[in-house]
Structure formats: structure tokens, C-alpha cells
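>>> Compute the structure for the input listed below.
(one chain, ligands or ions: 3)
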Amino acid sequence: MTTPLKNPDPITVDVALGERSYDIVIGRGILPSLGERIAALRPGARVAVVTDEYVATHWLQRTEASLIGAGLATSRIVVDEGEVSKSYEGVEFVCEELIKARIERNDLVVALGGGVVGDLAGFAAAIVRRGVDFVQVPTSLLAQVDSSVGGKTGINSPQGKNLVGAFHQPILVVADTAVLDTLSPRQFRAGYAEVAKYGLLGDEAFFAWLEANHAGIVQGGAAREHAVATSCRAKAAIVARDERETGERALLNLGHTFGHALEAATGFCGRLYHGEGVSIGMVLAAELSAQLGMIAVADVSRVQRHLAAAGLPTRLQDIAGFKQEGLADADALMALMAQDKKVKRGRLTFILLKAIGQAVVSSDVEPSMVRDFLVRKLADAPA
Ligand SMILES: NC(=O)c1ccc[n+]([C@@H]2O[C@H](COP(=O)([O-])OP(=O)(O)OC[C@H]3O[C@@H](n4cnc5c(N)ncnc54)[C@H](O)[C@@H]3O)[C@@H](O)[C@H]2O)c1
Ligand SMILES: O=C(O)C(=O)C[C@@H](O)[C@H](O)[C@H](O)COP(=O)(O)O
Ligand SMILES: [Zn+2]
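Ligands and ions are numbered 1, 2, ... in the order given. Got it, this is the predicted structure:
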């Protein structure tokens with residue numbers, strides 16, 4: 001695939017949810033069109049832009065210029081970067097700032113940032129005045145392919161990941177792929193885990209395309225837009241069929257039962273980013289699937305090889321200091337997994353692989369088997 005000489009037209013993906021339907025608009029250099037797009041949907045609305053300190057440095061002025069240029073009044077709320085803002089303190093701060101700015105029910109919140117800002121601002125929008133509309137302007141790869149779509153919003157509890165939140169769909173998603181040029185290489189790679197997830201859970205051809213083209217996504221150009229659009233189409237289709245995760249949507253949690261427990265065990269900090277936990281979690285899910293006789297061992301190796309080739313951690317020992325604290329303890333990880341939102345009547349639910357591109361939801365795995373599996377994985381890993 002070659003880089004086009006000039007920007008092609010943006011790609012629009014529809015999230016078909018009846019009266020809560022919205023567009024995801026994807027394209028290089030489309031941030032300046034944000035104001036016009038919002039003004040067309042909500043003429044005269046006042047807009048509170050929620051962002052984090054890093055994203056603000058690069059993209060806040062251009063975002064505000066676009067909004068003001070379209071005749072929209074703006075205010076700004078800047079939070080600390082990182083997972084620490086997805087907290088009770090973080091949501092209290094954003095809610096109080098929205099109220100102080102007199103954001104009314106007919107006004108708008110714009111979430112300008114990665115998944116942290118999207119989840120946090122979306123949750124604040126869901127609860128301030130019992131619900132204000134919001135627009136997602138995702139600025140990380142992870143947010144463009146995953147967190148800005150589907151309406152899961154929320155914060156972490158000290159006891160686990162995303163344990164307090166609400167379903168609140170945005171009214172528009174605007175993903176300017178040029179914005180990803182300022183993302184750090186490690187954060188770019190972490191977001192890539194969620195891209196690979198779509199291939200693994202339901203699209204073998206996309207996974208094979210990623211094996212050949214993942215470097216092009218980093219470089220930018222048409223491969224990047226293709227990866228973002230393919231991921232958004234896959235997520236939009238699942239969300240449209242199962243908005244509230246009563247069944248099929250759980251497939252989007254591939255790698256997350258293990259991954260969220262690892263994030264909690266490492267204290268939601270820079271030691272392990274969400275996408276990195278998902279990468280290790282997807283390899284663990286594939287290995288568990290192989291142990292259950294569901295997937296060929298050669299396919300598990302293919303999963304691990306591709307994620308490692310993309311520069312992602314794939315083993316427990318890839319986590320800095322993993323033998324410390326609760327991380328190297330199977331019982332502590334089991335206790336963290338017991339808080340997973342997919343747990344039903346105390347039973348863990350896993351997303352398992354029958355093949356690359358064929359994931360299934362299972363509540364049939366015996367906890368003792370999972371524990372033994374973790375004990376073995378931890379014992380295999382060198383200190
Ligand atoms: N709601 C969902 O469906 C969903 C889906 C996947 C992940 N998530 C959540 O998303 C979060 C992870 O999101 P993330 O990986 O985007 O993390 P993040 O929001 O912390 O962003 C990663 C880092 O990159 C910086 N950044 C973002 N965009 C940038 C840009 N364009 N230029 C320079 N720096 C930039 C941020 O300041 C931050 O330091 C986790 O909390 C995860 O649970 C939610
Ligand atoms: O949108 C979904 O559904 C997902 O599961 C996407 C995940 O990538 C994302 O990390 C999500 O926040 C996890 O959801 P949770 O319900 O397990 O907190
Ligand atoms: Zn995720």
C-alpha cells in the first residue's frame with residue numbers, strides 16, 4: 001500500500017444505535033473541521049473541552065480555534081496525564097469544573113485525548129445534570145480504534161479497573177490520524193494491541209494484513225487510516241448488536257481478564273499501560289485456549305510472534321519488576337480477576353480463541369485450572 005499524494009476524503013463509519021446513532025469520522029488533517037461538524041449538530045451550544053496536560057500542549061489551541069471559528073463558545077478543563085486521572089478525585093474535579101463553567105444540559109463536552117480523557121470526560125458528561133451530550137476527539141491510537149467508540153465510560157476503583165462508570169454514547173467521534181504523529185512510540189505500540197485484537201477476535205484476513213503492514217501504520221499514510229477504519233467498523237458492528245454487553249460485546253474484552261488484573265497489580269501506573277496489559281493478556285488467553293485443546297499451538301506462537309514484532313510485551317516477565325509485590329502471586333491475580341465485570345454468579349468469564357479470527361465467550365473454565373495455569377506461567381518466568 002502506498003501513501004497517497006493528497007489527503008483522501010474522510011471515511012465515515014456509522015454506529016447504528018437507533019436514536020443514539022452517531023458517526024465516526026476518520027481522516028488525516030480533519031481536526032480543523034471539528035467546529036463546523038459540531039455546530040451542524042448543536043448550533044449555539046457552549047463547549048467545554050476536557051483534555052490532559054500533554055495533549056493540551058500539542059492540540060488544544062488548534063481544537064479551540066476550530067470551535068471558535070464555527071461560532072462556538074469554549075471553556076477548557078485540563079487534567080493530569082495518565083491513568084491517575086481516571087479516579088474518584090479526577091471525576092470530582094471535572095464535574096465541578098463543568099458546573100462552574102455553567103455547562104447546561106443542551107451544551108456539550110468535548111473529550112480531547114486518549115482513552116483516559118475519553119473515559120473520564122464521558123463519565124462526567126453522563127452524570128453532570130444527569131446527562132450532557134459529548135463528542136469524542138481521540139488523540140491516541142488506542143482511543144481512535146477503541147475507547148472513543150461504544151459508550152463505555154468510567155473510572156478505576158482502587159479494587160479494580162473501570163469498576164465505576166456508565167454507558168453514555170458520544171454524539172460524534174472525530175479521529176484525525178495526523179494527531180497521532182505526536183504520540184510517543186511506546187504509547188503508539190500500546191494502542192496497537194487493541195488493533196491486533198480485532199484481527200484475533202473476528203477477522204483472520206485483517207490479522208494477516210497487520211502482519212504485513214503494521215510498520216506502515218506507525219509511519220502514517222493510507223495504512224494508518226485503513227487500520228483505524230477497519231477497527232472502528234468491527235467495533236461499531238458489535239456495539240450495534242449488543243450495546244450493553246449482554247453477550248457478543250464481551251468478545252471486545254479479549255485479553256482483558258488477565259490484562260486488567262495485571263494493570264491493577266501494577267497500581268495503574270506507567271509500569272504497564274493498558275494496551276501492554278492487553279497484549280500480555282491476549283497471549284495468556286491464547287495459551288489457556290491451547291491448554292483447553294481449542295487452538296493449535298502453532299497459532300498461539302503466531303499471535304505471540306506478531307505482538308512481539310510490533311514491539312509489545314507478550315510475557316509476564318516483560319513487565320518491569322514483575323516478581324515484586326502481588327504480581328508474581330497466582331492467588332493475588334485470581335483475587336483481582338474475581339472483580340472482573342464479566343464474572344457471573346462468582347464464575348470467571350474468559351474470551352478464548354478457537355483459531356486466529358475466531359474468539360468465543362466462555363464461563364466454563366474451572367478456576368482451579370486457571371490458577372494452576374498462572375502458577376506455571378509465573379514459575380516459567382525467570383526472576
Ligand atoms: N471505553 C472503552 O471502550 C475503552 C477501550 C479501551 C481502553 N479504554 C481505556 O483507555 C485508557 C487507555 O487509553 P490510552 O492508551 O489512550 O491512554 P492515555 O489516555 O493515558 O494516553 C496515553 C498517553 O499519551 C498521551 N497522548 C495522547 N494523545 C497524544 C498525542 N496525540 N500526542 C502526544 N501525547 C498524547 C497522553 O497524554 C498520555 O500520556 C485506559 O484507561 C483504558 O481502560 C477504554
Ligand atoms: O468496548 C468494549 O466493550 C471493550 O471491552 C473494549 C476494551 O478494549 C476496553 O478496555 C474496555 O474499557 C473494557 O471494558 P470493561 O467493561 O472490561 O471495563
Ligand atoms: Zn481495552
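
>>> Leaving out chain neighbours, which residue sits closest to Lys197?
Leu254 (5.4 Å; Cβ to Cβ, 6 or more residues apart in numbering). C-beta coordinates here come from the backbone N, C-alpha and C atoms, glycine included.

>>> and the one you found, how far is that from Ile351?
Separation of Leu254 from Ile351 (Cβ to Cβ, to the nearest Å): 4 Å.

>>> Ok, Glu19 next?
When distance is defined by Cβ to Cβ, Glu19 is 30 Å away from Ile351.

>>> Could you check which of those two has the larger neighbour count?
Using other Cβ atoms under 10 Å as the criterion, Glu19 and Ile351 rank with Ile351 on top: 24 against 4.

>>> Helix, strand, or coil at the more buried one?
strand (DSSP: H, G, I helix; E, B strand; the rest coil).

>>> Quick check, it in contact with Phe258.
No - the pair Ile351 / Phe258 is not scored as a contact, 10.1 Å apart, by Cβ atoms under 8 Å.

>>> quick one: the strands in the protein?
Assigned by DSSP state E, the chain shows strands spanning 11-15, 22-27, 47-52, 74-79, 108-113, 133-138, 152-157, 160-167, 172-176, 350-355, 358-362.

>>> contact partners of the last one?
If I follow you right, that is strand 358-362. Strand 358-362 has contacts (Cβ atoms under 8 Å, 6 or more residues apart in numbering) with 200-202, 204, 247-248, 250-251, 254, 294, 349-354.

>>> How about that strand and ligand 2, any contact?
No - shown here: strand 358-362 not in contact with ligand 2 (Cβ under 6 Å from any ligand atom), separated by at least 11.6 Å.

>>> end to end, how far does stretch 175-193 reach?
18 Å (Cα to Cα, to the nearest Å).

>>> Go ahead and measure how far that stretch is from the middle of the chain.
Offset of stretch 175-193 from its chain centre (Cα atoms, centre = their mean, to the nearest Å): 12 Å.

>>> Likewise for stretch 60-77?
Chain-centre distance of stretch 60-77: 25 Å, with Cα atoms, centre = their mean.

>>> distance between the ends of it?
10 Å.

>>> Contacts for that stretch, please.
By Cβ under 8 Å, 6+ apart, stretch 60-77 touches 31-36, 38-39, 45-51, 56, 78, 93-94, 97-98, 101, 103, 110, 112, 121, 137.

>>> Can you select the buried ones from the residues you listed in ChimeraX?
A single ChimeraX command selects the buried members of those (16 or more other Cβ atoms under 10 Å):
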select :31,33,34,35,38,39,45,46,47,48,49,50,51,56,78,93,94,97,98,101,103,110,112,121,137
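
>>> tell me, which of the contacts of stretch 60-77 make contact with ligand 2?
Counting by Cβ under 6 Å from any ligand atom, no member of the contacts of stretch 60-77 reaches ligand 2.

>>> Can you check which residues contact both of Leu254 and Ile351?
201, 285, 359.

>>> give me the beta-bridge partners of the last one?
I take that to be Ala359. Legend: beta-bridge partners of Ala359 under DSSP bridges are Leu353.

>>> Can you get me a residue count around it?
Neighbour tally, Ala359, other Cβ under 10 Å: 27.

>>> tell me the pLDDT at Leu183?
On the pLDDT scale, Leu183 is placed at 98.

>>> Likewise for Asp52?
Asp52 carries a pLDDT value of 98.

>>> One more: Val109?
98.

>>> show me what contacts the residue nearest to the spatial centre of the chain?
Nearest to the geometric centre of the chain sits Ser147, at 3.7 Å (Cα atoms, centre = their mean). Neighbour list for Ser147: 114-115, 118-119, 138 [criterion: Cβ under 8 Å, 6+ apart].
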